[in-house]
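Participant: The amino acid sequence is not available; the structure is as follows:
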């Protein structure tokens with residue numbers, strides 16, 4: 001496992017963790033890769049509201065957050081909650097973003113879910129360990145898996161092929177019941193498959209949707225579009241919502257995060273045709289060098305270059321700056337997965353989420369990653385079976401019924417129902433393109449990213465930029481065969 005893979009995968013973990021809302025404080029966004037000869041955009045000053053508050057002299061007892069007490073779980077029984085493995089002992093479960101002692105949402109929700117499983121399986125104990133979405137956290141998890149001290153682990157998709165390649169993950173195929181196969185979205189089973197075998201229980205999908213600041217729409221008297229809106233309608237609305245307020249403040253109709261760890265903006269150029277994908281379906285060849293992909297990318301860049309609906313630092317903004325600007329009404333629309341929606345609702349931001357606009361493909365297109373739970377490929381089949389049973393439960397409808405708010409993104413199963421505002425993203429799951437689950441994808445994505453920046457900054461035409469990197473990416477893919 002080389003250093004490039006480790007660094008890229010760690011960045012991806014931070015992005016997905018932030019998207020799913022798992023951490024109390026989102027991991028910092030990786031700095032955008034420097035584009036070739038790109039102009040240096042003006043920095044966007046972070047509003048004071050985003051700065052950490054100064055410490056106060058108040059006693060600790062008066063500022064400590066109130067942590068809900070752990071509920072007392074009683075056995076409920078059922079085919080999902082009760083393991084038929086016969087295993088007696090302790091399972092070691094590692095969770096991305098988990099903080100012990102109910103210190104964050106992931107900690108509270110996972111503790112309650114595990115407690116329910118233990119209540120229904122009195123012979124089984126589960127010890128949960130958290131790891132962070134950064135290089136140190138990924139290294140820690142990898143070393144634990146390699147040492148066989150982990151029985152199961154929750155992870156983002158970029159890491160899965162690296163562990164599968166080293167034969168550290170057990171396939172779930174023989175543990176999938178007919179009910180599982182009918183319930184889990186087929187495209188998600190395919191997404192976690194490597195060479196025909198599925199290596200993880202799909203947990204959830206945070207698909208990208210278009211966030212709309214309804215106050216800005218109202219301010220300019222712009223009607224909301226139909227949910228089957230076209231790309232042309234999107235551009236027209238973005239133009240109407242780009243204006244200068246009476247006090248001199250600028251408002252921009254659209255912006256988006258452009259970063260190696262993000263695919264938030266990709267649906268806006270992948271919708272040019274049904275064939276616009278970064279790689280061919282078998283992941284054997286680079287596919288953004290087609291005329292259709294170039295047309296979509298150039299059209300996307302024209303939001304800045306021609307339509308003038310984006311801020312001056314478009315292409316180099318941080319996710320945090322975009323979120324702050326959206327809340328303050330500086331940006332009317334921007335694309336992001338589901339994680340931000342709960343925070344906006346809690347802050348009483350007047351917003352809604354729309355499907356991504358439809359391009360020339362004529363079909364809805366969005367993109368996103370997938371949260372996974374994998375099981376260590378251990379030598380004890382009884383223990384592996386118990387871990388598989390826990391993995392099934394932690395990705396089921398039942399865990400959502402048992403633990404209110406457990407799902408921080410739309411579930412990977414049709415039977416899982418989530419509450420508002422996460423429910424706004426449920427209709428997008430079936431049209432969600434899952435980024436390639438191959439070991440070299442993080443490295444490939446970091447090659448693509450600066451070229452997208454160059455196109456946005458007007459330093460390269462889209463067709464030239466994609467053709468320039470095609471040989472390098474195809475060489476990587478060929479070496480992986």
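Facilitator: Looks like it came in fine. Please read these numbers as outputs of a predicted model, since none were measured by experiment. Numbering: from 1, shown residues only.
Participant: just checking, next helix/strand downstream of the lowest-mean-pLDDT helix or strand in the chain?
Facilitator: Using mean pLDDT, DSSP states H and E, helix 60-63 stands out as the lowest-scoring helix or strand of the chain, at a mean of 38. Where DSSP states H and E defines the elements, the next helix or strand beyond helix 60-63 is strand 89-96.
Participant: who does that next one touch, helix- and strand-wise?
Facilitator: The contact analysis (3 or more Cβ pairs under 8 Å, 6 or more residues apart in numbering; DSSP states H and E) places strand 89-96 against helix 3-20, helix 105-120, strand 124-131, helix 135-146, strand 152-156, helix 381-393. Placement of C-beta: from N, CA and C, glycine included.
Participant: of all those, which lies closest to residue 246?
Facilitator: Distance to residue 246, taken as Cβ to Cβ, is lowest for helix 3-20 among the helices and strands packed on strand 89-96, at 35.0 Å.
Participant: any chance you could map the helices in the stretch 351-481 of the chain?
Facilitator: For the stretch 351-481 of the chain, the helices defined by DSSP state H, counting those that start in this stretch occupy 381-393, 397-402, 441-456, 462-479.
Participant: relative to strand 124-131, how tilted is the first one?
Facilitator: Read it as helix 381-393. With axes from the mean of the first three to the mean of the last three Cα atoms, to 10 degrees defining the directions, helix 381-393 sits at 70 degrees from strand 124-131.
Participant: Contacts for helix 381-393 next, please.
Facilitator: 80-81, 83-87, 89, 91, 93, 113-114, 117, 121, 124, 126, 151-152, 170, 172, 175, 180, 201, 373-378, 399 (Cβ atoms under 8 Å, 6 or more residues apart in numbering).
Participant: List the buried residues of that helix.
Facilitator: Judged by neighbour count using 16 or more other Cβ atoms under 10 Å, the buried positions of helix 381-393 are 383, 384, 385, 386, 387, 388, 389, 390, 391, 392, 393.
Participant: rewinding a little: derive a ChimeraX selection command for the buried subset of the contacts of helix 381-393.
Facilitator: Selecting the buried subset of those in ChimeraX, with 16+ other Cβ under 10 Å as the burial test, is done by:
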select :80,81,83,85,87,91,93,113,114,117,121,124,126,151,152,170,172,175,180,201,373,374,375,376,377,378,399
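Participant: still on that earlier bit, quick one, which of the helices and strands packed on strand 89-96 is nearest to residue 349?
Facilitator: Nearest of the helices and strands packed on strand 89-96 (Cβ to Cβ): helix 3-20, 17.4 Å.
Participant: Please work out the average pLDDT along that closest one.
Facilitator: Mean per-residue pLDDT for helix 3-20: 42.
Participant: re earlier: and residue 234, which of the helices and strands packed on strand 89-96 is closest to it?
Facilitator: Using Cβ to Cβ, the nearest of these to residue 234 is helix 3-20, at 22.0 Å.
Participant: which stretches of the stretch 1-150 of the chain have low pLDDT?
Facilitator: Applying pLDDT under 70 to the stretch 1-150 of the chain flags residues 1-68, 134.
Participant: One more pass at 50, please.
Facilitator: In the predicted model, the stretch 1-150 of the chain carries pLDDT under 50 at residues 1-65.
Participant: Looking at the helices of the stretch 351-481 of the chain, spot the one closest to residue 260.
Facilitator: helix 441-456 (4.4 Å).
Participant: Find the nearest non-adjacent residue to residue 112, please.
Facilitator: residue 403 (4.6 Å; Cβ to Cβ, 6 or more residues apart in numbering).
Participant: which residues does the one you found contact?
Facilitator: Contacts of residue 403 (Cβ under 8 Å, 6+ apart): 109, 112, 113, 116.
Participant: The second one and residue 399, how far apart?
Facilitator: According to Cβ to Cβ, to the nearest Å, residue 112 stands 9 Å off from residue 399.
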